[in-house]
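Novice: Please work out how this folds:
(one chain, ligands or ions: 1)
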Amino acid sequence: MMTGMRIFVAFLLMMLVVGGAAPLARAQLGEMRIIRDTEIEMGLRQLATPVIRAAGHKPEDIRFILIQNSDLNAFVAGGMNIFLNTGLIQQAEHPGQLIGVIAHELGHIAGGHLVRGREAAKYAGVQTILGTLAAVAAGVAAGSPEAGLFVLGGTQDTARRTFFTHSRAQEGSADAAALEYLNRASINPSGLGEFLQKLASQELLPYDRQSEWVRTHPITLDRVDTVQTHVMDSPLRNQPLPHEWKTLLARIQAKLVGFLQPEQALLRYTDHDSRWAARYARAIALYRTNNMPRALAILDELEKTETTNPYLYELRGQILLENSKPRDAAAAYAKAIKLLPQAPLINIAYARALLESRDDNQIPLALTQIQTALQKEPREPESWRLLATGWGRLGELGKEKNSAGLVAYALAEEAMSKGDAKVALPLVKRALEQLPKDHPLWLKASDLRLAVEKVIEKN
Ligand SMILES: [Zn+2]
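Specialist: Sure, this is the predicted structure:
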């Protein structure tokens, strides 16, 4: 099981909606793999922060959700969530191209392009469903087979077009907004122009060979011209991007290829390639191809060059934990957490390593780590599962007298986080029976019970 970079699978189900009323026929469409990784998520946010602010949002309001898909695509769904395909990030030639696309998606958010309009209203459910998908990305419903639903009308292709395809007017307004944000943020707009130019040639390709982005964001030479004209007139068009952005993107790309295409990474980045990102990709790819000693050897060297890089310690922890060395893994995670105290995915991995170490003295620390993770991501099922484990162990040791009630409560939260109210109901009832009424979690458990019953009533 992966702990550092994690891949969640959400199944996409096709629901055939006939008219507005919906006698539903369902067929499975496929699956969507969502990738979670602290370094990548924080890196994307860092790159996007200036344009997010220029668009009038707080950086933490926008969530980036990474989909494992080599096709170029990005879209906005479920409010302020920007979905990015790994292909888009991997194929970006420099950060300006990626930031340009993000600015364009922010333009769609500003225009409310997926919310307004008759077409959108007809499929109002889509936003809710994509919101669910966004929740899936946050760890909700990992492993729950019906976690994400796409409501599609008609056949898959036409449905995709109906839902995700923006009108030309919307594309124009998103481009204009993007250029405005880039300008306000003093970022060279050339990247957006280059990206559109790159895709414009695809307009002539048969539909099935086009990128998803071209299908969903109709591209016209007109559109490319408008953006290019703006770029030519922009006083920022020769302004270099901050050097650290290039480093950041190179590392994100290295991590993606190392994790997702390790064999390819080993071919692309040879032993002789001394660039930092190349060595990083190589270390990851070696570990992913079961070569732990060589991976750790490279990691040793990288750690010497950057002693305060939490992600190197996180990676070391991940490698050790997956190779059944939980104590060593915990020591590595401890270093990562010292540098980055609030990073839910790392908090959780650290807690797991501590619990797997079978060192009873470490259980309270593991519980603290999980609680820290839950503050930021309260619906992560794995956190609740680990809490149940930790509380159960304390009970066996005679160190927690409410163990039974706490375990039932944590398992109820876990079930609810996976969207399984039926499993949650008996558990939360048991928690309420067993916890004393003045226990700090009693109220939480009774709130949970109400939420569970509400879901069950609705279905
Ligand atoms: Zn668009």
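Novice: For the residue in the stretch 101-250 of the chain positioned nearest to the ion, which residues are in contact?
Specialist: Nearest residue of the stretch 101-250 of the chain to the ion: residue 217, at 3.2 Å (CB to the ion). C-betas here are computed from N, CA, C, even on glycine. Listed by CB atoms under 8 Å, 6 or more residues apart in numbering, the contact partners of residue 217 are 104, 165, 166, 171, 174.
Novice: try 6 Å
Specialist: Contacts for residue 217 (CB atoms under 6 Å, 6 or more residues apart in numbering) come out as 166, 171.
Novice: Which pLDDT value goes with it?
Specialist: Note on residue 217: pLDDT of 74.
Novice: Got phi/psi on it?
Specialist: The phi and psi values for residue 217, taken as degrees, to the nearest 10, are phi -120, psi 90.
Novice: Also residue 36?
Specialist: Torsion angles, degrees, to the nearest 10, at residue 36: phi -120, psi 130.
Novice: now the one 3 residues further on
Specialist: Backbone torsions of residue 39, given as degrees, to the nearest 10, read phi -60, psi -40.
Novice: Would you mind measuring from the closest residue to it other than its chain neighbours to residue 218?
Specialist: Excluding the flanking residues, the one nearest residue 39 by CB to CB, 6 or more residues apart in numbering is residue 311, at 4.3 Å. Per CB to CB, to the nearest Å, residue 311 is found 38 Å from residue 218.
Novice: State whether residue 379 is indeed within a strand.
Specialist: No. Judged by DSSP: H, G, I helix; E, B strand; the rest coil, residue 379 forms no part of a strand; its state is coil.
Novice: And what about the most centrally placed residue in the chain, helix, strand or coil?
Specialist: Central residue of the chain (CA atoms, centre = their mean): residue 65, 3.6 Å from the mean position. Following three-state DSSP, residue 65 is assigned to strand.
Novice: pretty sure it contacts residue 83?
Specialist: Yes. Residue 65 lies in contact with residue 83 (CB atoms under 6 Å); the separation is 4.9 Å.
Novice: check contacts around residue 355.
Specialist: Contacts for residue 355 (CB under 6 Å, 6+ apart) come out as 366, 389.
Novice: Just the local confidence number for it, please.
Specialist: 98.
Novice: now swap in the one 5 residues further on and tell me
Specialist: Model confidence at residue 360, expressed as pLDDT, equals 96.
Novice: quick one: it from the ion, how far?
Specialist: Using CB to the ion, to the nearest Å, we find residue 360 at a distance of 55 Å from the ion.
Novice: Could you tell me how many residues sit around that residue?
Specialist: Close neighbours of residue 360, defined as other CB atoms under 10 Å, add up to 12.
Novice: what's it in contact with, if anything?
Specialist: Per CB under 6 Å, 6+ apart, neighbours of residue 360: residue 397.
Novice: That one and residue 265: what is the separation?
Specialist: Distance of residue 360 to residue 265, computed by CB to CB: 40 Å.
Novice: Same question for residue 185.
Specialist: Residue 185 sits at a distance of 32 Å from residue 265 (criterion: CB to CB).
Novice: What lies in contact with the helix or strand that contains residue 169?
Specialist: Element membership of residue 169, judged by DSSP states H and E, is helix 168-184. For helix 168-184, the surrounding residues in contact (CB under 6 Å, 6+ apart) are 51, 54-55, 103-104, 107-108, 110-111, 113, 189, 192, 217-218, 223, 227, 230.
Novice: are any of the residues you listed buried, and which?
Specialist: Listed as buried from those are 51, 54-55, 103-104, 107-108, 110-111, 113, 189, 192, 217, 223, 227, 230; burial here means 16 or more other CB atoms under 10 Å.
Novice: Just those residues: which are in helices?
Specialist: Counting by DSSP state H, the buried ones among the contacts of helix 168-184 place 51, 54, 103, 104, 107, 108, 110, 111, 192, 223, 227, 230 in helices.
Novice: Just to check, the second one is in contact with residue 185?
Specialist: Yes. With the criterion set as CB under 6 Å, residue 54 and residue 185 qualify as a contacting pair; they are 4.2 Å apart.
Novice: what about this protein, any weak spots by pLDDT?
Specialist: 1-4, 7-32, 78, 114-165, 203-204, 207, 212, 215 (pLDDT under 70).
Novice: do that again at 50, thanks
Specialist: 1-2, 11-30, 115-129, 137-162 (pLDDT under 50).
Novice: just checking, residue 279 touches residue 298?
Specialist: Yes. The criterion here is CB under 6 Å, and residue 279 meets it with residue 298 at 5.5 Å.
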